[in-house]
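In: Got a predicted model here, sequence first, then my questions.
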Amino acid sequence: MDPARVHALIVGIERYDAGGGWDLPGPARDAVRFHALLRAAGVPESQLRLHLAPLPPYRPEVAHEPADHATLRRVLVRELAVAQGDVLWVWWGGHGVLDRAEHVRLFCADATTSDKVGIDLDSALARYSSDAVPGLAGQLWVVDACETFEEALAFRDPLPPAELPVGRRGLLHRQTVLRAAGRGRAAANDPVRATGLFSDVLLGLLAERGPVLPAFPDPEELFPAVRARLAALREEGRTLQHPEIRLRSPERTEILPPAETAPTPRAASPLNRAVDVLLGYPLMADPTERQTVIAQLNPRVTATLPRHTKARTDAVGILRELSRRHPEALRELYDAITALDDDPERGRELAAVFKELEVPKKGIRDHE
């Protein structure tokens, strides 16, 4: 994919006109990190629309535009919709709510308690899948915002209309939408590190992909690691969110089920628990990085391993073969992975699931 054919709308809102009670340290910083990733991948600065409302003392060093409702609506309706290109990334971090019509409302920086102006995400998606947008056929929308039910917040004033104009429906566009929170849930934020939990996980994974970012990603390749990491954070009690992946294209329209509710027994088996944890390592999403890891194993073992281009299929084949025929090689796999990514929490999880695969007691040491 030519980076010159890529456009992006990147929004990070930490400060609102509603006052200090709405302060949310993190989204502007996450947005700047995402902006830097696309720039490093070769996307021209002129095609990255960065809109921020940062909280002091954070002062972004990159040029940006405001994130008020009029500005963002103008960009979505008049400017970005007519951009000449093949791929669109939309990154939005800030406050949101799920309204009574089951639409996600994303509040803009000039929202107040009595006038909660924002963008209707579902309306924006409908516009960008219609003939109102003649290009940008491949689209990936990433939203790190709460989807708490509107009625649960007991708003004194109703939400104002937020729909965008929509053209005629068509079959040109492929949309992948990743919503961090899940229906009716809050999206967790880390105020100390000033980052969204979901954004931080995804940004780490995208950083591993490096120059391939301009290409339209395979969602079933990119997001299993994100879900696995959020599942670990849920077990730690740090969040309750369940990311949702929605696909819409001429060939399919569906919401991909999370692993723990998929209509298969995968989540209950040691093998699939090990696969989920293994894919929690960002490096495992990249075929080159996976090959670097596997190359550290004994050639006698690697010669018999089934391989596949898709990360999950590859991981399943590798772990199944090792656990059945070469359990001693799981120690080598553990050492190879943790040498490249020494995150202690991931290391403990990997050691635990490898032990479930009946690794000999001397095979895997506890990760310190």
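Out: Nice, I can see it.

In: all contacts plus neighbour counts: C-alpha atoms, from now on.
Out: Will do.

In: Any regions of the protein where pLDDT drops low?
Out: For the chain, applying pLDDT under 70 flags the ranges 210, 215-217, 257-268, 358-368.

In: Can you give me the domain boundaries for it?
Out: 3-259, 266-356 (automatic domain parsing).

In: got CSV for those domains, with mean neighbour count too?
Out: CSV is the format used below for these (neighbours: other Cα atoms under 10 Å):
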stretch, mean neighbour count
domain 3-259, 19
domain 266-356, 18
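
In: OK, contacts around the residue sitting nearest the centre point of the chain?
Out: The structure's the chain has its C-alpha centroid closest to residue 202; by Cα atoms, centre = their mean the separation is 4.4 Å. If you count contacts by Cα atoms under 8 Å, 6 or more residues apart in numbering, residue 202 has them with residue 226.

In: which SS state does it fall under?
Out: Under DSSP: H, G, I helix; E, B strand; the rest coil, residue 202 falls in the helix class.

In: For residue 332, give me its contacts.
Out: 296, 297.

In: Please, which helix or strand holds it?
Out: Secondary structure from DSSP states H and E places residue 332 in helix 329-340.

In: now swap in residue 39 and tell me
Out: Per DSSP H and E: helix 27-40 holds residue 39.

In: Can you give me the distance of the residue nearest to the centre of the chain to residue 124?
Out: Counting by Cα to Cα, to the nearest Å, the separation of residue 202 from residue 124 is 22 Å.

In: Just list whatever residues bridge to the residue nearest to residue 119 when sequence neighbours are not counted.
Out: Distances taken as Cα to Cα, 6 or more residues apart in numbering place residue 106 nearest to residue 119, at 5.1 Å, with adjacent residues excluded. Judged by DSSP bridges, the bridge partners of residue 106 are residue 96, residue 119.

In: how near is residue 106 to residue 65?
Out: Distance, residue 106 to residue 65, by Cα to Cα: 17 Å.

In: that older thread, tell me the contacts of the residue nearest to residue 119?
Out: With contact set as Cα under 8 Å, 6+ apart, residue 106 has these partners: 94, 95, 96, 97, 118, 119, 120, 121, 145.

In: would you list those in JSON lines and tack on distance to residue 296?
Out: Below are those laid out as JSON lines (distance: Cα to Cα, whole Å):
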{"residue": "94", "distance to residue 296": "42"}
{"residue": "95", "distance to residue 296": "45"}
{"residue": "96", "distance to residue 296": "46"}
{"residue": "97", "distance to residue 296": "47"}
{"residue": "118", "distance to residue 296": "51"}
{"residue": "119", "distance to residue 296": "49"}
{"residue": "120", "distance to residue 296": "49"}
{"residue": "121", "distance to residue 296": "46"}
{"residue": "145", "distance to residue 296": "40"}
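
In: Of these, just say which sits nearest to residue 11.
Out: Taking Cα to Cα as the measure, residue 11 lies nearest residue 94 of those, at 8.1 Å.

In: residue farthest from the centroid of this protein?
Out: Centroid-distance maximum for the chain: residue 300 at 37.4 Å, with Cα atoms, centre = their mean.

In: Quickly find the element holding that one.
Out: Under the criterion of DSSP H and E, residue 300 resides in helix 299-302.

In: which other residues reach that helix?
Out: 294, 295, 326, 329.

In: And the furthest pair within these?
Out: 295 and 326, at 15.3 Å, using Cα to Cα across those.

In: Strands along this structure, start to end?
Out: Ranges of strands in the chain, per DSSP state E, are 6-13, 48-53, 87-93, 96-98, 104-107, 118-120, 138-144, 174-179, 189-190, 195-196, 244-248, 253-256.

In: Can you add distance to residue 319 and give those strands back as JSON lines?
Out: What follows is the strands of the chain, written out as JSON lines (distance: least, Cα to Cα, whole Å):
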{"stretch": "strand 6-13", "distance to residue 319": "37"}
{"stretch": "strand 48-53", "distance to residue 319": "41"}
{"stretch": "strand 87-93", "distance to residue 319": "34"}
{"stretch": "strand 96-98", "distance to residue 319": "40"}
{"stretch": "strand 104-107", "distance to residue 319": "39"}
{"stretch": "strand 118-120", "distance to residue 319": "43"}
{"stretch": "strand 138-144", "distance to residue 319": "31"}
{"stretch": "strand 174-179", "distance to residue 319": "28"}
{"stretch": "strand 189-190", "distance to residue 319": "34"}
{"stretch": "strand 195-196", "distance to residue 319": "32"}
{"stretch": "strand 244-248", "distance to residue 319": "26"}
{"stretch": "strand 253-256", "distance to residue 319": "24"}
